[in-house]
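>>> Dropping the sequence and predicted coords here.
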Amino acid sequence: MYTRILAIGDIHGEWDKFLSLYRQLDFNPKHDLLIFLGDYIDRGDKSLETLIWMYEHRHEKNIIMLRGNHEQMMLDYYDSACKDTIWLQNGGDITAKALTSKSAKIQAKYIDFLRNLPLTFRLSVNGNDYFFCHAGVDPAIPLDEQPSETLLWIREEFFDYYEGKTIIVTGHTNTAYIEPTTSLPIIRKNMLLLDTGSYWSNGHISCIDILSNKIWQSR
């Protein structure tokens, strides 16, 4: 099937860290599958560069890009007549400022791109079922019935209480909040948690090959 199935956690506009990680991966679209778990923008000072890269690679073979809560906040901001400031207060001010340098047509192009990103991706391989999303799932609701708000925002209810057999692969919550001594992704029998604080001064963008559990991190 695939030589590697690579999942990448939150980037948050940390363009240089992303490039350092991506170059290590030596991604081969003929043999590998690459899944981005969302939150490409905000907080980091090169959100626009990251967004442009994602847009330019949106049709590349064997690349899956999911929507994160920060992309959703951006969409809600531009869709709202009142311009709710929650996005700006959570790092969106950096992205919004960078976008103002572009024409309305170009802004609309990126907004439409984010609007069409899926919330989930699922596949079965080597006898395991994998479910990819940004934040996690509600343990009390079937996977195919998860509300979008849950997929984008859930935290403790997922990683403290999920006991399903399907392996959930997510970003969203910095693993240091879950296990304070770690700077690595968290690997459990039924979940892979990949947000390792990209925008922190000592944080990283992380990737894992779900077939081997090999980890790469930005430098």
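Arrived safely. Numbering: from 1, shown residues only.
>>> Helices along the chain, start to end?
Assignment of helices within the chain using DSSP state H yields the ranges 15-25, 47-56, 69-79, 86-87, 93-99, 104-115, 148-153, 156-159, 175-178.
>>> Residues touching the fourth one, excluding its own?
Under the contact criterion C-beta atoms under 8 Å, 6 or more residues apart in numbering, helix 86-87 has outside partners 42, 70, 73, 74, 76, 77, 96. Quick note: C-beta positions are derived from backbone N, CA and C, even for glycine.
>>> wait, doesn't the last one sit right on residue 88?
Yes: taking C-beta atoms under 8 Å as the contact criterion, residue 96 and residue 88 are neighbours in contact, 6.3 Å apart.
>>> who touches both of these two?
Joint contacts of residue 96 and residue 88 (C-beta under 8 Å, 6+ apart) are residue 77.
>>> of all the helices of the chain, which lies closest to residue 63?
With C-beta to C-beta as the measure, helix 47-56 is the member of the helices of the chain nearest residue 63 (9.2 Å).
>>> now the closest one against helix 104-115, angle please.
Per axes from the mean of the first three to the mean of the last three C-alpha atoms, to 10 degrees, the angle that helix 47-56 makes with helix 104-115 is 70 degrees.
>>> Check what contacts helix 47-56 and list those residues.
Surrounding helix 47-56, the residues in contact under the criterion C-beta under 8 Å, 6+ apart are 11-15, 18, 36, 40-41, 44, 65, 94-95, 98-99, 101-102, 109-110, 113.
>>> I am finished for the moment; much appreciated.
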